[in-house]
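1. task: produce atomic coordinates for the following.
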Amino acid sequence: MASSEQGELLVNPRAETESGFTGFPRRFTELVIEERWFIGILAVCFAVAGAVYPYPQVAMWVGFLFAGYAVIANDSIQTIGTFIASNKHRPWWVLWLFIGGVMLVTVAYSWFAYDGDVTYGRLASKGFSTAPTSFVFLQVAGPLFLLILTRLRMPVSTTFLLLSCFATEPAGVGSVLQKSLIGYVLAFVLAIAVWFAAGRLIDRKFTGRPHPAWHVGLWVSTSLLWCMWLVQDAANVAVFLPRQLSLAEFAVFAAVLFFGLALLFKLGGDKIQQVVEEKAAVSDVRHATTVSAVYGVILFVFKVWSEVPMSTTWVFIGLLAGREIALNATKAHKIERRSRREVTKLILRDLIYVTTGLVVSLGLAVLVSPELQTYIFGGG
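-> The predicted structure follows:
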């Protein structure tokens, strides 16, 4: 025991006890005080969800409004997290206008090309093609649970948490789960291969001040990645709405996402941004560009492969895990390497988080879906 700790115990014999179980109430109280604004807003939102869910025309827009921020905030770590981390020296509104502009172009193209569908046909797949005509409380409040997990810095699958609650056929959930797990494994293996092959070169070349071309590369790769993410995950937000939007509905849809991004950039990515920034070298523009480019290619492959929705979060967590292993193993100087225990802890923690999100998501889906209840408990 350190001398300072010994002194504290001599002055206050209860200090050791208070630092244990009896210290929990104090820490909990401090957390509540720190998050009082968030808790207050959350309480109001839950009350609103409870008031509007019996009225479908109102509930769909309230649910969408909640999801519009919650989905982007949680998934920001996989799309614009490295972009934010490596551009902290730039004004937040510059980053917002760029990313927001890419978003507007991407969803506008889908709206034009797919006859009012802003999801690039993702919600046309089996189990999701019919827009909801009624809602239950948990469907409207689902994005609020996502906000809580985001605040706790837990990267979870927004696809599972939100889409699963609207699946009209069990096969739809199974297809999403299968594609997402394949995505995790593929991203994990590909990341190990890419960063093992280039690890020593990266360790040797990615030093000193980066060439200005890398900054251009980051903005280009991030815009392509952001576009591919919207192609895959806009469905998680639009699932509340009609499958074909009128011009006025599309304007509201785009405006909510655009100004939701403004809040996210103003907050610097919110607390979940820490999940990205604790990984090796992501604030370096060269590493950030490489991550965005590889991830964008993976999402493009899955876009071409199938129109079934998937969890991009699982893909990104697999990518970060493989990259962390490869970069750590290829560092030239052992003193710069993290211990195997530390790397394993980072990887397992992220995997536990997304698995927790999966369990919560499927639990909510079963609670709100009679079809899933029949399939699981009725043997159908």
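2. okay, now the unreliable bits of the stretch 151-300 of the chain?
-> Residue ranges of the stretch 151-300 of the chain with pLDDT under 70: 155, 167-173, 199-208, 269-284.
3. can you rerun that using 90?
-> The model of the stretch 151-300 of the chain has pLDDT under 90 over residues 151-187, 190-222, 224-236, 239, 243, 260, 263-300.
4. what segments of it are helices?
-> 158, 170-205, 212-238, 247-266, 274-277, 285-305 (DSSP state H, counting those that start in this stretch).
5. closest to residue 35 out of these?
-> Closest approach to residue 35 among the helices of the stretch 151-300 of the chain (C-beta to C-beta): helix 274-277, 15.5 Å. Any C-beta I mention is one placed from the backbone N, CA and C, and that applies to glycine too.
6. tell me the spatial nearest neighbour of residue 351, not counting adjacent residues.
-> residue 317 (6.6 Å; C-beta to C-beta, 6 or more residues apart in numbering).
7. in what element of secondary structure is that neighbour found?
-> Using DSSP states H and E, residue 317 sits in helix 312-330.
8. what of residue 74?
-> helix 56-79.
9. now residue 244: phi and psi?
-> Residue 244 adopts backbone torsions of phi -120, psi 120, taken as degrees, to the nearest 10.
10. now the closest residue to it other than its chain neighbours. Its backbone dihedrals?
-> Among residues not flanking residue 244 along the chain, residue 116 sits closest, at 3.3 Å (C-beta to C-beta, 6+ apart). With angles defined as degrees, to the nearest 10, residue 116 sits at phi 90, psi 0.
11. and if you look at residue 80?
-> According to degrees, to the nearest 10, residue 80 has phi -120, psi 10.
12. from memory residue 78 sits against residue 313, does it?
-> Yes. Counting by C-beta atoms under 8 Å, residue 313 is a contact partner of residue 78 at 6.2 Å.
13. how close does residue 95 get to residue 290?
-> Using C-beta to C-beta, to the nearest Å, residue 95 is found at 19 Å from residue 290.
14. so if I had to pick from these two, which one is more boxed in?
-> Legend: neighbour count by other C-beta atoms under 10 Å for residue 95 and residue 290, higher for residue 290 (24 against 21).
15. in contact with the residue lying closest to residue 92 once chain neighbours are set aside: list those residues for me.
-> Once flanking residues are discounted, residue 92 sits nearest to residue 265: 4.5 Å by C-beta to C-beta, 6+ apart. By C-beta atoms under 8 Å, 6 or more residues apart in numbering, residue 265 lies in contact with 84, 92, 93, 95, 96, 99.
16. just the closest of these to residue 51, please.
-> Closest approach to residue 51 among those (C-beta to C-beta): residue 96, at 31.6 Å.
17. tally of neighbours for that closest one?
-> Residue 96: 19 neighbours (other C-beta under 10 Å).
18. please begin residue numbering at 38 from this point
-> Shifting the count to begin at 38 puts that one at residue 133.
19. so it makes contact with residue 299?
-> Yes. With contact defined as C-beta under 8 Å, residue 133 and residue 299 form a contacting pair (5.1 Å).
20. how close does the residue nearest to residue 129 sit to residue 350?
-> To residue 350, residue 302 is 20 Å away according to C-beta to C-beta.
21. cool, residue 116 as well?
-> 10 Å.
22. tell me which of the two has more neighbours.
-> Neighbour count, other C-beta under 10 Å: between residue 116 and residue 350, residue 350 has more, with 28 against 25.
23. next one: that one from residue 377, what distance?
-> In terms of C-beta to C-beta, residue 350 sits 25 Å off from residue 377.
24. how about the contacts made by residue 224?
-> Contacts of residue 224 (C-beta under 8 Å, 6+ apart): 332, 335, 352, 353, 355, 356, 359.
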